[in-house]
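>>> Return atomic coordinates for the entry below.
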Amino acid sequence: MYRITARQILVIALGSALFASVGVLGFQQLSQRFNPFASALNVNAPPPISDPSTASDEQNNIEVYKAIAPGVVYIQSTTMVTDFFGMYSEPREGAGSGSVIDDQGNILTNYHVIANAEKLTVSFGGGRTYAARVVGRDPDTDLAVIRLIEKPAEAVTIVPMGDSDKLAVGQKVLAIGNPFGLDRTLTTGVISGLQRPIRAQNGRQIEGAIQTDASINPGNSGGPLLDSHGRMIGINSQIESPSGASAGVGFAIPVNIAKRIVPELVRSGSVQRPKLGIIPRDVDTLTSQVELPVSYGVLIWNTQPGGPAANAGLRGMVRTDDGSIELGDIIVGVDGEKINNNDELYKVLNMHQIGESVNVEVYRGSRRMTVPVRLTDIPAQRRNVRE
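Numbers count the residues shown, from 1 in each chain. Next comes the predicted model:
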């Protein structure tokens with residue numbers, strides 16, 4: 001068995017704390033209660049937009065904004081923060097944007113906009129605000145759905161969803177949001193790149209993000225990225241900027257991801273994905289600190305009691321009687337597919353369903369072995385594991 005000292009463990013832990021720093025914009029209380037409205041919201045269909053191929057660019061901008069802006073909301077969240085000693089709390093305010101997506105008052109936004117929120121209010125412009133609550137959240141994709149508790153007297157507009165699989169670099173896009181609290185601001189640009197990998201706040205890689213040069217700033221998070229027909233093709237989420245303000249490199253989560261998971265968020269409040277129930281560490285981040293039998297793969301730092309990995313006999317790190325640390329198993333393959341890092345492990349597992357079994361190839365010390373694992377659900381209250 002390979003062993004490491006307690007000091008090496010500390011070095012590894014400190015290094016892993018720096019993993020996956022992401023420049024997200026903006027600031028979770030999960031509620032699965034059904035719509036409190038006695039009837040559905042009064043909604044408007046967006047007015048028609050002229051064919052972008054025949055309309056002037058200026059006319060197209062004006063028409064898209066008039067049609068869609070009434071369906072874009074300003075979200076304010078309040079979180080109570082305690083001091084170091086937990087003696088008192090004070091409110092912390094966050095803000096972002098969102099899009100009305102149905103006549104039940106459901107609003108699509110970013111998870112990080114509403115994370116830890118104890119109070120949510122929504123504005124459709126002007127001074128009137130409406131109470132809202134979280135109905136579903138998915139930290140892995142940085143998406144969430146909130147729902148209006150109060151019913152606006154006026155009709156609201158639904159933001160239609162497009163198809164993010166049919167985009168091209170150079171295509172015109174429009175972003176509507178509330179940067180710096182400025183109500184319903186429009187910016188325009190083009191798609192600068194496709195299939196960009198970005199990371200959610202929890203370190204999970206989000207594949208296929210849309211890169212745009214349309215100005216996106218704090219407060220735009222959760223708002224729609226639109227095509228020239230006024231269809232939502234992405235949810236504005238992040239910027240790449242040393243200053244924290246727009247530098248012409250923004251990223252939106254493809255709307256097809258939202259179309260896939262929103263029904264589950266509304267129905268059950270979360271997305272159930274097959275996971276092993278482990279805390280992982282990429283081997284390539286550890287090889288300079290400790291001797292390992294392989295230079296790639298995922299080290300099992302810890303296993304969740306009763307989780308799929310633990311039930312199958314996979315091992316995390318343990319302290320021996322002499323005070324040293326015995327390394328956990330190192331995952332190097334799943335069903336014959338090589339696993340280099342945690343991103344690849346997540347991607348492979350995501351191709352399976354809860355209840356299926358996979359063959360996990362691991363190094364246990366210097367011995368390579370295959371362990372069958374049945375992918376069971378992980379209870380929500382214990383989902384502090386990464387895989």
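
>>> C-alpha from now on. contacts and neighbour counts both.
Noted.

>>> Low-confidence bits of the chain, can you list those?
By pLDDT under 70, the low-scoring segments of the chain are 1-39, 80-92, 243-246, 287-288, 379-387.

>>> ok, longest strand in it?
Longest strand in the chain, counting residues (DSSP state E): strand 185-199.

>>> Can you give the contact residues for it?
20, 22, 65, 168-179, 205-216 (Cα atoms under 8 Å, 6 or more residues apart in numbering).

>>> now those: which count as buried?
65, 172-179, 205-216 (16 or more other Cα atoms under 10 Å).

>>> among the contacts of strand 185-199, which are in helices?
Using DSSP state H, Tyr65 are the members of the contacts of strand 185-199 that sit in helices.

>>> all helices for the stretch 201-350 of the chain, in order.
Taking DSSP state H, counting those that start in this stretch as the criterion, the stretch 201-350 of the chain carries its helices at 255-268, 308-312, 342-349.

>>> center of the chain - which residue?
Asp142 (1.7 Å; Cα atoms, centre = their mean).

>>> so what's it closest to, chain neighbours aside?
Tyr111 (4.6 Å; Cα to Cα, 6 or more residues apart in numbering).

>>> and the gap between that neighbour and Val373?
Using Cα to Cα, to the nearest Å, we find Tyr111 at a distance of 31 Å from Val373.

>>> cool, Ile158 as well?
44 Å.

>>> In terms of packing, which of the two has more residues around it?
Ranked by neighbour count (other Cα atoms under 10 Å), Ile158 and Val373 place Ile158 first, with 24 against 21.

>>> list the contacts for that one?
43-46, 68, 71, 99-103.

>>> Export stretch 126-134 to CSV, keeping only CA atoms.
Extracted C-alpha coordinates of stretch 126-134, given in CSV (Å, rounded to 0.1, in the frame of the first residue of the first chain):
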residue,chain,number,x,y,z
GLY,A,126,-40.7,50.1,-12.2
GLY,A,127,-41.0,50.1,-8.4
ARG,A,128,-43.4,47.2,-7.9
THR,A,129,-41.8,43.9,-6.7
TYR,A,130,-43.3,40.5,-6.3
ALA,A,131,-42.3,37.7,-3.9
ALA,A,132,-40.9,34.5,-5.3
ARG,A,133,-39.5,31.2,-4.1
VAL,A,134,-37.1,28.6,-5.4
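
>>> At which residues are the strands of the stretch 201-350 of the chain located?
Using DSSP state E, counting those that start in this stretch, the strands of the stretch 201-350 of the chain run over residues 205-212, 224-226, 232-239, 250-254, 278-282, 298-303, 318-319, 325-326, 330-334, 337-338.

>>> Show me how the record splits this structure into domains.
43-268, 273-382 (automatic domain parsing).

>>> Name the stretch among the ones you listed that sits most buried.
Across these, averaging neighbours per residue (mean count of other Cα atoms under 10 Å) puts domain 43-268 on top, at a mean of 20.

>>> first to last residue in that domain, what's the distance?
End to end - Cα to Cα - domain 43-268 spans 25 Å.

>>> try stretch 59-79
Stretch 59-79: ends 41 Å apart by Cα to Cα.

>>> can you tell me which residues contact the closest residue to Gly313 other than its chain neighbours?
In space, Gly313 comes closest to Val371 once its chain neighbours are excluded; the distance is 7.8 Å by Cα to Cα, 6+ apart. Counting by Cα under 8 Å, 6+ apart, Val371 makes contact with 312-314, 359-362.

>>> Next, give phi and psi for Thr370.
phi -120, psi 130 (degrees, to the nearest 10).

>>> For beta bridges, what are the partners of it?
Thr370 has these beta-bridge partners by DSSP bridges: Glu361.

>>> For it, give its distance to Asn341.
18 Å.

>>> how about the strands of the stretch 201-350 of the chain, which one is nearest Val122?
Closest to Val122 of these, according to Cα to Cα: strand 224-226, at 15.7 Å.

>>> What strands line up against that closest one, and which way round?
Going by DSSP bridges, the partners of strand 224-226 are strand 172-177 (antiparallel), strand 232-239 (antiparallel).

>>> Could you export these as CSV, including distance to Gly193?
As requested, these are exported to CSV (distance: least, Cα to Cα, whole Å):
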stretch, distance to Gly193
strand 172-177, 12
strand 232-239, 13
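
>>> These: which one's closest to Ala117?
So among those, strand 232-239 is nearest, using Cα to Cα, at 17.8 Å.

>>> got the angle for the closest one vs strand 185-199?
The directions of strand 232-239 and strand 185-199 differ by 70 degrees, with axes from the mean of the first three to the mean of the last three Cα atoms, to 10 degrees as the criterion.

>>> what's stretch 275-287 in contact with?
By Cα under 8 Å, 6+ apart, stretch 275-287 touches 12, 16, 294-304, 307-310, 330, 340-342, 346, 349, 375-378, 385-387.

>>> if you set the cut-off to 7 Å instead, what comes out?
With contact meaning Cα atoms under 7 Å, 6 or more residues apart in numbering, stretch 275-287 is reached by 12, 295-304, 307-309, 341-342, 349, 375, 385-387.

>>> Check stretch 300-316 too.
By Cα under 7 Å, 6+ apart, the list of residues contacting stretch 300-316 reads 276-281, 317, 327-330, 372-376, 378.

>>> right, and the strands paired with strand 224-226 - which one's nearest Pro152?
Across the strands paired with strand 224-226 (criterion: Cα to Cα), the nearest stretch is strand 172-177, sitting at 19.8 Å.
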